[in-house]
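Chemist: I'll drop the sequence and a predicted model, then ask my questions.
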Amino acid sequence: MTGPPTAATEATILLDISGGVAVLTIQRLRRRNALHGPLWELLGQRIAQVAARCAPDGDVRSLILTGSGPHFCAGMDLMPDNPLVERILPAIMDGDEDAARSVILDLKAITRALADLPVPTIAAIEGVAAGGGYELALHCDMIIASHQSRVGLPEVRIGMVPDVGGTTMLTRRVGPARAALAITTGRMFDAPQAQKLGMVDLLCEPGTALDEARGLAADIALGGPVAVGAALATLRRVGELDLPAALAIETEAGVRALTSGEPREGTMAFAEKRAPCWDRAE
């Protein structure tokens, strides 16, 4: 375990490395592990720690990303006490494109660092994986979800775009038509539906996602570190068009959405627990 023991109520990213497996656990139980500025920053630091120990030169052969308690991650925290909300307000309220682009690119650097780890990565999902939470899972090579979990990218329902890699990575995973179904409707999908659509790979019994992921990690450890790394690097490139260009297009889509006025109405409606009235965003 990295760092001192942590109270279960504290917002943190736990890192445990043992037996060649690194386990990153998002912990912010009181908000269903929703991500705020400090958690994003710490996640980036933890990913860098793992990267420094990856095979073939280090002892980490695989990484598992999961959430503490009953949920994986409810996505971006939209409450006012999230420092990222303050950073994005100039975009939402005043149409400041530079503010929007700065936040998106800062978060994208973290998700790309996850995707670029030279070892197989596995998302182990229990409960909800929504928005930015599911975007993190999409940057993993494999996704295991319990039968009772739900995943989705509901950003459009508050006038935003899945712009931290979600639009690009889901399209690469399931194809444009199925990605359009998920992203333009903003629906949350139960685990069996998600598996049929290719949004998750394996299903397991509730409460066992982490154990199932550890089983995959054990199988990965049976292969040669160089062989696994070389195969992984190859398969990540198969069918790839121009990932940086695709991600850049997605960034600009996020900027346009954030500065359109729609997020102002969408976040107000979210806070007031009502349906958005998009006419007010004009």
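Modeler: Nice, thanks for sending it over.

Chemist: For residue 137, grab the count of nearby residues.
Modeler: If you count neighbours by other CB atoms under 10 Å, residue 137 ends up with 28. In short, each C-beta sits where N, CA and C put it, glycine included.

Chemist: Excluding sequence neighbours, find me the nearest residue to it.
Modeler: Excluding its sequence neighbours, the residue lying closest to residue 137 (CB to CB, 6 or more residues apart in numbering) is residue 123, at 3.7 Å.

Chemist: and the one you found, what does it touch?
Modeler: 64, 65, 66, 72, 129, 136, 137, 140, 142, 143, 144, 213 (CB atoms under 8 Å, 6 or more residues apart in numbering).

Chemist: residue ranges of the strands in the stretch 1-150 of the chain, please?
Modeler: 12-18, 21-27, 62-67, 121-125, 128-130, 142-146, 150-152 (DSSP state E, counting those that start in this stretch).

Chemist: how about those in JSON lines, adding distance to residue 237 and mean pLDDT?
Modeler: As requested, the strands of the stretch 1-150 of the chain are arranged in JSON lines below (distance: least, CB to CB, whole Å; pLDDT from 0 to 100):
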{"stretch": "strand 12-18", "distance to residue 237": "27", "mean pLDDT": "98"}
{"stretch": "strand 21-27", "distance to residue 237": "23", "mean pLDDT": "98"}
{"stretch": "strand 62-67", "distance to residue 237": "19", "mean pLDDT": "98"}
{"stretch": "strand 121-125", "distance to residue 237": "16", "mean pLDDT": "98"}
{"stretch": "strand 128-130", "distance to residue 237": "26", "mean pLDDT": "98"}
{"stretch": "strand 142-146", "distance to residue 237": "17", "mean pLDDT": "98"}
{"stretch": "strand 150-152", "distance to residue 237": "26", "mean pLDDT": "98"}
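
Chemist: Kindly compare burial across those and name the winner.
Modeler: Neighbour counts (mean count of other CB atoms under 10 Å) averaged over each of these peak at strand 121-125, with a mean of 29.

Chemist: And the residue nearest to residue 137, how far from residue 253?
Modeler: 24 Å (CB to CB, to the nearest Å).

Chemist: Residue 34 now?
Modeler: 23 Å.

Chemist: Please identify which of those two sits among more neighbours.
Modeler: Counted by other CB under 10 Å, residue 34 and residue 253 do not tie: residue 34 has more neighbours, with 24 against 17.
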